[in-house]
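S.K.: Fold the following and give me the result.
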Amino acid sequence: MAPAIQDKLRSKSDPSTAALGRRRNIGIMAHIDAGKTTVTERILFLSSKIHRTGEVHDGKATMDFLEEERERGITIQSAATSVEWRDHEVNIIDTPGHVDFTAEVERSLRVLDGAVAVFDAVSGVEAQSETVWRQADRYGVPRICLINKMDRVGADFYKSVQTIVDRLGARPIVLQMPIGAEKEFNGIVDLVEMKAYRFDDESSGKACQEVPIPEALREDVEVRRHDLCEAAAEFDEELLDLFVEDREISTELLKRAVRAGTLSMEVTPVLCGSALKDKGVSFLMDAVLDFLPSPVDIPPVKGKHPDSGKEETRSADNGVPLCLMAFKTIAESTGDLTFVRVYSGVLEKGMKLLNPRTGKQERIGRLVQVHADKRHQVESIPAGGIAAVLGLKRTVTGDTLCHDEHPIQLSDIKFPESVISISIEPKKTQDRDKLSDVIGRMMREDPTFRARSDDETGELIVSGMGELHLEVVVNRIRGEFKCEVRTGKPKVAYKQTLAGPREIESRYVRQSGGRGQFAVSNLRFEVGEPEDGALEFVNAIKGGNIPREYIPAVEAGIREAIAGGGPSGYPFVNTRAVLFDGKAHDVDSSELAFRASGVHGFREAAAGNTRLLEPIMKIEVRAPEEFLGSIVGDLNSRRGEVKEIESLDDQRVVRGYVPIAEMFAYSSALRGATQGRGSFSMELCEYRPVPQSIATKVLEG
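M.R.: Below is the predicted model of the structure:
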């Protein structure tokens, strides 16, 4: 028997592999107010992890434990927990729904195996639902959907399912049909098992009993069962044969086919319920076990050898070299709490592991399993596990830790750029060092929160994803860290690009009493493509006019000038620089001289040849129809582009694009224009050129 087959058979019978198959690592994701945290709260209650439920609107939800979360009634940072369900361990991460905290979703989905997407049965797919769905697509995370709040006025299960098709381009397959809607919602029909269940309203839906399928739904049930089997037949040959021959299809076979389609991300199962009333949550957990992947179901994680760059893989197996990723940090006064996902091997207390990014070793201190803000100490974490490490010194979000004898570096996590900034300073001079320490801690926690010192004014400038993001940061500094601060007005994080191509001969020639400095670089600067990022550098030197060892110095000089931003200070993007000729001196040339020629070359190319870029936000506004005219008119006055207006019962949904520079304090304006009945959400879409009249004022300012 071939060794590979022997290994496979051994791993299938290995008890550790069986244990991995009974683990699920899932995230709960959705638009704000769709009910993610309530779903998680009910899962904790039904699995006996907690013995009394807390409500988000009362500020008592288990997973929303930050003071800011309790006061605002929203999730700000992802929170982890784990529960036991049907002899399976389910690790759950409850993620935020507000776009300002989308980094929490990004880093959670990077390490999770599956996800539950929650949708409001009235609104269907909303703006932030699209964002988190794209994030899950990017990381290849299979998911199932829950149409929540089926007891709300205006709830429409099938219309919500259709929005998954229309707005997400996904292929949902309905596994459950609701019995009733709005206040009449009192049960579901399971199309997989062909059974009906009615919820017990006296116990708020926690208990349910099997009942005959209602005759009024019988015909529709048969049609939708046929549609389900037809979709599932694509993923299982045995089921396809039975379906074609119109023979009976067993529950086990149908589940197997649906699971195969879900893991391939070609279909997405859809369920329904009302988490607030405990209706349907137990069926959701059963579906998590039946259809979402365990660590052994996902492909081996890929990375690179930090020295050779050769591709390396690690499979979910306790017996292979250890590999894990740090995906979240909570900076505490006693040391950082670092959340990790173990991809292979077993993580044990006291180990020394290599961080390939720094080339340094980290010692693993205490290991803890986390339940919201509570911790339980453990001695080891097996492959496929999610836990936290106390006391790591130099490990940040996105870092890999591994055995130094078997090094591997996983791809890091990409975070969106900040779009808004404010100046911040302590009210008391003696708090300056304290503020610097607090800012440093918060930057370690949140990769989208950034800080820098303005070279001209000396001000400390902090940047984030939006007004709410920075407001929460400032409130935490004042409340949680007891440091009183003053803040300036919000400012837009503009960028610059070259207006057109230029060819420059950059000469850096200095003569003194001793050795001089000599460098001549002939450079052609062009406007690059948006995906090129800050700089694409091309070495087109032929004949050795510039010695090879000096060429990286020219590139470094250009990068320095680009990051500096010139007189306005706004960084440049989408620049292509071609070094095609130059001159060097045998004695006077040096790396310093050629670096300086790169700096001067870009500055000369940019002088009078720049175009200011501003962040454009994708916006969605919801309000009653009577306020539609004032909403559209107001957006137009803010240089907005209205692209779509959709009817949703008595509500109107306005979608379009608007510059963030025009949207400061928009929440107050919208409340005033709609008598407090309007809501909106925004996310960064792209950067566009600023109209010249406005750009002139910005640059003068």
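
S.K.: nearest residue to Val642 other than its sequence neighbours?
M.R.: Counting by C-beta to C-beta, 6 or more residues apart in numbering, Gly656 is the residue found nearest to Val642 once chain neighbours are left out, at 4.2 Å. Quick note: C-beta positions are derived from backbone N, CA and C, even for glycine.

S.K.: Now the one you found: which helix or strand?
M.R.: In this assignment (DSSP states H and E), Gly656 forms part of strand 651-659.

S.K.: So what are the sheet partners of that strand and their directions?
M.R.: Here strand 651-659 is paired, per DSSP bridges, with strand 610-624 (antiparallel), strand 641-648 (antiparallel).

S.K.: what about the first one, average pLDDT?
M.R.: It refers to strand 610-624. Taken as a whole, strand 610-624 has an average pLDDT of 92.

S.K.: Also stretch 325-335?
M.R.: Stretch 325-335 shows a mean pLDDT of 87 in the predicted model.

S.K.: which residues sit against it?
M.R.: The list of residues contacting stretch 325-335 from outside it, by C-beta atoms under 8 Å, 6 or more residues apart in numbering, reads 78, 104, 107-108, 110-111, 336-341, 343, 365, 389-392, 395-401, 410, 413, 440-442, 444-445.

S.K.: Stretch 247-257 now?
M.R.: Taking C-beta under 8 Å, 6+ apart as the criterion, the residues outside stretch 247-257 that touch it are 192-193, 228-229, 232-233, 235-236, 238-239, 242-243, 290-291.

S.K.: how does it look with 7 Å?
M.R.: Among residues not part of stretch 247-257, those counted as contacts by C-beta atoms under 7 Å, 6 or more residues apart in numbering are 192-193, 229, 232-233, 235-236, 238-239, 242-243, 290.

S.K.: Quote the end-to-end distance of stretch 540-555.
M.R.: Start and end residues of stretch 540-555 are separated by 12 Å (C-alpha to C-alpha, to the nearest Å).

S.K.: tell me which residues in it are buried?
M.R.: Residues of stretch 540-555 classed as buried under the neighbour-count rule (16 or more other C-beta atoms under 10 Å) are 541, 546, 550-551, 553-555.

S.K.: re earlier: cross the contacts of stretch 325-335 against helices and list the overlap.
M.R.: In this view, those that belong to helices under DSSP state H are 104, 107-108, 110-111, 440-442, 444-445.

S.K.: isn't there a helix covering His226?
M.R.: Yes - under DSSP: H, G, I helix; E, B strand; the rest coil, His226 sits within a helix.

S.K.: per-residue pLDDT, it?
M.R.: The model's pLDDT for His226 equals 96.

S.K.: Please apply the same query to Ile76.
M.R.: Turning to Ile76, the model gives it a pLDDT of 73.

S.K.: go on, Phe199?
M.R.: Phe199 is given a pLDDT of 91.

S.K.: Tell me what it is bridged to.
M.R.: Residues in beta-bridge contact with Phe199 (DSSP bridges): Cys208.

S.K.: in which helix or strand would I find the nearest residue to Arg143 once chain neighbours are set aside?
M.R.: Of all residues not flanking Arg143 in the chain, Ala115 sits nearest, at 4.2 Å (C-beta to C-beta, 6+ apart). With elements delineated by DSSP H and E, Ala115 resides in strand 114-120, which encompasses its position.

S.K.: Contacts for that strand, please.
M.R.: Taking C-beta under 7 Å, 6+ apart as the rule, strand 114-120 contacts 24, 26-30, 34-36, 39, 109, 125, 129, 133, 136, 141-149, 160, 284, 288, 292-293.

S.K.: Kindly report the same for stretch 305-324.
M.R.: Contacting residues not belonging to stretch 305-324 are listed as 11, 16, 20, 295-296, 300-304, 340-347, 353, 356, 382-384, 400-403, 406-409 [C-beta under 7 Å, 6+ apart].

S.K.: again, but for stretch 372-382
M.R.: Residues from elsewhere that reach stretch 372-382, judged by C-beta under 7 Å, 6+ apart: 16, 62-63, 65, 79, 81, 318, 342, 346-349, 366-369, 387.

S.K.: Can you pull the phi and psi angles for the nearest residue to Glu193 once chain neighbours are set aside?
M.R.: Among residues not flanking Glu193 along the chain, Thr251 sits closest, at 5.2 Å (C-beta to C-beta, 6+ apart). When read as degrees, to the nearest 10, the backbone of Thr251 gives phi -60, psi -40.

S.K.: And the one 4 residues further on, by the same measure?
M.R.: Note on Lys255: its backbone torsions stand at phi -60, psi -40 [degrees, to the nearest 10].

S.K.: need the strands for the stretch 351-500 of the chain, in chain order.
M.R.: If DSSP state E, counting those that start in this stretch is used as the criterion, the strands of the stretch 351-500 of the chain fall at 352-355, 360-363, 367-371, 374-378, 380-381, 386-390, 400-402, 409-410, 420-426, 450-453, 460-464, 485-487, 491-492, 495-498.

S.K.: Mind checking the ones you listed for the one nearest to Phe185?
M.R.: Evaluated over these, closeness to Phe185 peaks at strand 367-371, with 31.1 Å, by C-beta to C-beta.

S.K.: Let me know the average pLDDT across stretch 689-698.
M.R.: Per-region confidence: stretch 689-698 scores 91 on mean pLDDT.

S.K.: ditto for stretch 343-362
M.R.: The average pLDDT for stretch 343-362 rounds to 95.

S.K.: List the buried residues of it.
M.R.: By neighbour count with 16+ other C-beta under 10 Å, stretch 343-362 contains the buried residues 343-347, 351, 353-357, 362.

S.K.: go on, stretch 297-309?
M.R.: For stretch 297-309, burial by neighbour count (16+ other C-beta under 10 Å) applies to 297-298, 301, 303-304, 306.

S.K.: Would you agree Asp290 falls within a helix?
M.R.: Yes - when classified by three-state DSSP, Asp290 is found to be part of a helix.

S.K.: Excluding sequence neighbours, find me the nearest residue to it.
M.R.: The shortest distance from Asp290 to any residue that is not its chain neighbour, by C-beta to C-beta, 6+ apart, is 5.5 Å, and that residue is Lys255.

S.K.: And for the one you found, the neighbour number?
M.R.: As a burial measure, the neighbour count of Lys255 was computed by other C-beta atoms under 10 Å and equals 17.

S.K.: Distance of it relative to Leu242?
M.R.: 14 Å (C-beta to C-beta, to the nearest Å).

S.K.: ditto for Ile504
M.R.: Shown here: Ile504 relative to Leu242, a distance of 72 Å by C-beta to C-beta.

S.K.: Model confidence score at the spatially most central residue of the chain, please.
M.R.: Here the mean C-alpha position of the chain is nearest to the C-alpha of Glu106 (C-alpha atoms, centre = their mean), at a distance of 1.7 Å. pLDDT recorded at Glu106 is 91.

S.K.: list the contacts for it?
M.R.: Shown here is Glu106, whose contacts under the criterion C-beta under 7 Å, 6+ apart are 135, 413, 415.

S.K.: Output those in a markdown table, with pLDDT and neighbour count appended to each entry.
M.R.: Below are the contacts of Glu106 laid out as a markdown table (pLDDT from 0 to 100; neighbours: other C-beta atoms under 10 Å):
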| residue | pLDDT | neighbour count |
| --- | --- | --- |
| Gln135 | 92 | 21 |
| Ile413 | 88 | 21 |
| Phe415 | 86 | 16 |
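
S.K.: Where does the prediction get shaky in this protein?
M.R.: Filtered on pLDDT under 70, the chain yields the residue ranges 1-17, 54-61, 64-65, 70, 72, 201-206, 455-456, 512-514, 530-533, 701.
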